[in-house]
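J.: quick check, what structure comes out for this input:
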Amino acid sequence: MFLNNSFGRVVDILHRSMDVSMVRRNVIADNLANADTPNFKKSTINFESELKRAFQSQKKPALELVMTHEKHISNYKPIDYRTVGPRRVLDYLSQTDANGNNVDIEEESVHMLKNQLNYQLLTQVLSNQFTQISMVTR
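T.: Numbering: from 1, shown residues only. Reported below is the predicted structural model:
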């Protein structure tokens, strides 16, 4: 219903971002809980870059190829942002401890704080969106 206008799209993106923030919180908590586990590899959540790629794919290319057959490959395939979800990525490249564990408690604490501030910002923006709609309907 609302996804066809800018308000609905913004609310949907904010809602998805808040959901990803909660997933990210759980992943960071999992990393912190396993900070002393031998050979544990920390995880991160990749969402924003995939969402950016989906938005950039919405723009039509300067030169769009004409397809004369259904098996031809198109150079324009937009990605629907609603299909983008959080992706958990394991970090196998870094190693900080002698036991093979790569979780840095200070770094994870900073990620936790950044994630918490980002969530608070998202809730404020969402609240402002509904405040604006409330002002318009008065």
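
J.: where's stretch 66-83 relative to the chain centroid, distance-wise?
T.: The offset between the C-alpha centroid of stretch 66-83 and the centroid of the whole chain comes to 24 Å, using CA atoms, centre = their mean, to the nearest Å.

J.: model confidence over that stretch, on average?
T.: Per-residue pLDDT values over stretch 66-83 give a mean of 81.

J.: distance check, the closest residue in space to residue 58 that isn't next to it in sequence against residue 60.
T.: If the residues on either side of it in the chain are set aside, residue 58 comes closest to residue 78, at 5.1 Å by CB to CB, 6 or more residues apart in numbering. In short, each C-beta sits where N, CA and C put it, glycine included. Taking CB to CB, to the nearest Å as the measure, residue 78 and residue 60 are separated by 8 Å.

J.: how about the helices in the protein?
T.: In chain order, the chain shows helices spanning 6-33, 48-57, 105-137, with DSSP state H as the criterion.

J.: nearest to residue 93, of those helices?
T.: helix 105-137 (14.3 Å; CB to CB).

J.: which positions within that closest one qualify as buried?
T.: Taking 16 or more other CB atoms under 10 Å as the basis for neighbour counts, the residues of helix 105-137 that come out buried are 108, 111, 112, 115, 118, 119, 122, 126.
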